[in-house]
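[1] Have a look; sequence and predicted model below, questions after that.
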Amino acid sequence: MGQLEVIQSKIYDIRGRKVMLDFDLAEMYGTETKYLKRSVNRNTKRFEGEDFMFELTKDELSRCNFGTLNKGRGSNFKYMPFAFTELGVAMLSSVLNSDTAIEVNRNIMRAFVAVRQLIALPQVNEVAEIRNEVKELKEYIEEVFADYNDINDDTRVQLELLSKALAELQAQKRLADKPRNPIGFRKPND
């Protein structure tokens, strides 16, 4: 799995937002979670509002698949993890000022953009493709019916011509079969 896929696998949907958790970010930045949290707590003004960061509740943590810890670390979180939105991760780059943090942050931003595109683009493309297919099918059906109607019109005209020709032939045959009055003198009956 490439670095982008690893980062994408650590983006979660919590409270209807795409977020990354502090322990995943700390691991990627190559630091401990407590140091990352300490840096955030020292710069709380940068992270005000849930559109940057929020702390998970125990209920949210218990419902999520990332809520289990390694056996060596214990069975419960002492402090609830922070969930950073895309804006919060971008703000972390101003708090954590190392070359590693900057490079990891750039890759995380790329991953957020890729996730956003995955969510938005395929649906639009699929809908557009279905619309185009329906439009093409409709045009094809209209062409087929137009051809069918043309054939029907041509056939109807030909049948009418045949009916007229047959009527004329029948009229001629009736005239030909009709007995004629003889021309000339009549012989008296003996």
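    Alright, I've got the coordinates.
[2] Can you verify residue 83 is assigned to a strand?
    Yes: assignment of residue 83 by DSSP: H, G, I helix; E, B strand; the rest coil places it within a strand.
[3] any idea which helix is longest in this protein?
    helix 99-177 (DSSP state H).
[4] Quick check: which ranges of the protein have low pLDDT?
    For the chain, applying pLDDT under 70 flags the ranges 1, 63-77, 97, 119-125, 190.
[5] Which strand runs longest in it?
    As far as residue count goes, and with DSSP state E defining each element, the longest strand of the chain is strand 17-21.
[6] What strand or helix carries residue 5?
    Assigned by DSSP states H and E, residue 5 falls within helix 3-9.
[7] residues making contact with that helix?
    1, 28, 107, 108, 110, 111, 114, 115 (Cβ atoms under 8 Å, 6 or more residues apart in numbering). Heads up, the C-betas are built off the backbone N, CA and C, glycines and all.
[8] any idea which of these is closest to residue 78?
    Within the contacts of helix 3-9, proximity to residue 78 (Cβ to Cβ) peaks at residue 28, which comes in at 21.4 Å.
[9] Ramachandran angles for that closest one?
    Backbone torsions of residue 28, given as degrees, to the nearest 10, read phi -70, psi -40.
[10] I'd like to know how far it sits from residue 167.
    Look at residue 28 and residue 167: by Cβ to Cβ, to the nearest Å, they are 93 Å apart.
[11] Can you pick out the residue with more neighbours from these two?
    residue 28 (20 against 10; other Cβ atoms under 10 Å).
[12] so that one makes contact with residue 106?
    No: with contact defined as Cβ atoms under 8 Å, residue 28 and residue 106 do not form a contacting pair (11.6 Å).
[13] List the contacts of residue 40.
    Taking Cβ under 8 Å, 6+ apart, we find residue 40 in contact with 22, 47, 53, 82, 92, 95.
[14] ends of stretch 175-186, how far apart?
    For stretch 175-186, the first-to-last residue distance is 23 Å (Cα to Cα, to the nearest Å).
[15] Could you give the separation of that stretch from the chain centroid?
    Its chain's C-alpha centre and that of stretch 175-186 lie 87 Å apart, by Cα atoms, centre = their mean, to the nearest Å.
[16] How about stretch 80-97?
    Stretch 80-97 sits 30 Å away from the centroid of its parent chain (Cα atoms, centre = their mean).
[17] buried stuff in it?
    Buried residues in stretch 80-97, counted by 16 or more other Cβ atoms under 10 Å: 81, 82, 83, 84, 85, 86, 88, 89, 91, 92, 93, 96.
[18] check contacts around the first one.
    Neighbour list for residue 81: 21, 22, 23, 33, 55, 56, 61 [criterion: Cβ under 8 Å, 6+ apart].
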